[in-house]
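Enquirer: the sequence and its predicted three-dimensional model are supplied below.
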Amino acid sequence: MQNKEKLIQLLLSLVEEKINTAKAEIESAREAQQNETKSSAGDKYETSREMMTQEIEKHSKSLADAEQQKSILIHLSSLKPAKCVELGSWVETNHGHYFLATGMGSIKTDDFTIQTISLQSPIGKALLNKKRGDRFEFNGKQYSILNVD
């Protein structure tokens, strides 16, 4: 489906932005850590250095998460359409559109909003292995699968 390919490309560009931001933040924290080393002494030095180390760790985790998302999205671009919901499926229900890839939130298009979700999410688990015409209940709502691509 053309829309799915466009969505994957859009998500890849968003992930690239996350990767670039995380790398820049890590570099900035490292530079701040180096500058603090040169200008501080005693307890203040230790506290500042620890804060910078925590910042580096936080941004390193964000970088690893974004790189994992990128890996998943690249893999999805090579998948063939399936008849039942699986990783990489675009699912249209009576309550909205879902793309099972990596949880990146809502993406608005000209025609509708699509929720990008992971298979580990509650709705992802509920959708897994469903096919067109299937019905299920989730959070007190009745869902109908209108289309799977």
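Expert: Great, that's in hand.
Enquirer: tell me the confidence at the residue most central in space within the chain?
Expert: The centroid of the chain falls nearest to M104 when counting by CA atoms, centre = their mean (3.6 Å). At M104, the pLDDT value in this model is 91.
Enquirer: ditto for A32
Expert: The model reports A32 with a pLDDT of 81.
Enquirer: same thing with T113?
Expert: At T113, the predicted lDDT confidence score is 91.
Enquirer: could you find the closest non-adjacent residue to it?
Expert: Leaving aside its sequence neighbours, T113 sits nearest to S106 (CB to CB, 6 or more residues apart in numbering; 5.2 Å). Where you see a C-beta, it was placed from the backbone N, CA and C, and this is true even at glycine.
Enquirer: so the one you found belongs to a strand, correct?
Expert: Yes - under DSSP: H, G, I helix; E, B strand; the rest coil, S106 sits within a strand.
Enquirer: hey, what's it bridged with?
Expert: Taking DSSP bridges, one obtains Q115 as the residues bridged to S106.
Enquirer: contact partners for the residue lying closest to S118 once chain neighbours are set aside?
Expert: In this structure, S118 finds its nearest non-sequential neighbour in G103, 4.4 Å apart by CB to CB, 6+ apart. By CB atoms under 8 Å, 6 or more residues apart in numbering, the residues touching G103 are T116, I117, S118, S121.
Enquirer: how near is the last one to I72?
Expert: From S121 across to I72, the span is 14 Å (CB to CB, to the nearest Å).
Enquirer: re earlier: so which of the contacts of G103 sit within strands?
Expert: Assigned to strands by DSSP state E, the following of the contacts of G103 qualify: T116, I117.
Enquirer: can you tell me the element N35 falls in?
Expert: helix 2-39 (DSSP states H and E).
Enquirer: show me what that helix is packed up against.
Expert: Under the contact definition 3 or more CB pairs under 8 Å, 6 or more residues apart in numbering; DSSP states H and E, helix 2-39 sits against helix 42-76, strand 90-93, strand 105-108, strand 113-117.
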